[in-house]
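In: below is the sequence, then the predicted model.
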Amino acid sequence: MPFNIAEGHPSFHSRIPQFILFSGIEINTAIFGVRPERFLSSLYRKKHGYYSFTRSWLAVENGNTLSGCVFALDYAIIRNDYFSEVLIHLFHPLRLIRQYKALRDAEQIISSVEEHDCYITHLAVLPERRSMGIGEALLMRAVEFYRGKGRRRVLLDVDSENTGAVRFYKRCGFSELFFRKVPIAGSIFPLIRMGMIIQ
């Protein structure tokens, strides 16, 4: 079935949480807690913040059916939106109290993004729509956007045990940069930082 890559839009807010969770169910559950769908849906509708619709691109079929999603940030967004992100979470006090430490732990994952970098936070395709070029099309749309803004490198982190994802990113032109173990909410996540020069 044909698809097109579209900019994120708040009208898709109810369908976005599943893609964020698909992009790494264990690590995202550690960060957001159990059943974060309503919370993530609310974040997606906002104009600012890491999980805003303005930070995403969608694979859309038949006009309104989502088959995949990618979120990407750059250095300026990460630095400028950090306080917006904190304020957004303050409007969800119960979630903040329960998950504050996990959210702070997760911040270290992207804290090493440098001035001319952009960073892929989430990329996910519905299981039944994989191996159809959707993931690569989403990834390349984000890369082209930030190339057009003069960014020099795109970065991401992937679970070292997800060998299929590592192979996928290598096919797309990424190289392994380093390995690290990141503690989040009492669990340890083995991550491979991958990168690609885009200028």
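Out: Received it, and whenever you're ready, just let me know what you need. Numbering: from 1, shown residues only.

In: what's around residue 60, how many residues?
Out: Counted with other Cβ atoms under 10 Å, the neighbours of residue 60 add up to 18. In short, each C-beta sits where N, CA and C put it, glycine included.

In: which residues does it contact?
Out: 3, 4, 5, 6, 66, 67 (Cβ atoms under 8 Å, 6 or more residues apart in numbering).

In: just say helix, strand or coil for the fifth one.
Out: It refers to residue 66. Classification of residue 66 by DSSP: H, G, I helix; E, B strand; the rest coil places it in strand.

In: and the gap between it and residue 126?
Out: Distance of residue 66 to residue 126, given as Cβ to Cβ, to the nearest Å: 8 Å.

In: repeat for the first one
Out: When distances are taken as Cβ to Cβ, residue 3 and residue 126 turn out to be 11 Å apart.

In: quick one: which of the two has more around it?
Out: residue 3 (21 against 17).

In: for the more buried one, report the pLDDT, please.
Out: Per-residue pLDDT puts residue 3 at 92.

In: surely it is in contact with residue 138?
Out: No - checked against Cβ atoms under 8 Å, the pair residue 3 and residue 138 is beyond contact range at 9.6 Å.

In: residues shared between the contacts of these two?
Out: 59, 68.

In: next, the residue lying closest to residue 37 once chain neighbours are set aside: secondary structure please.
Out: Excluding its sequence neighbours, the residue lying closest to residue 37 (Cβ to Cβ, 6 or more residues apart in numbering) is residue 17, at 4.1 Å. Three-state call for residue 17 (three-state DSSP): helix.

In: find the least confident helix or strand in this structure, judged by mean pLDDT.
Out: Here the helix or strand of the chain ranked lowest by mean pLDDT, DSSP states H and E is helix 82-90, holding a mean of 55.

In: quick one: contacts for residue 172?
Out: 136, 139, 140, 196.

In: which residues sit against stretch 132-145?
Out: With Cβ under 8 Å, 6+ apart, stretch 132-145 has contacts from 3, 5, 57-59, 67-70, 72, 118, 120, 123, 125, 154, 168, 171-172, 196, 198.
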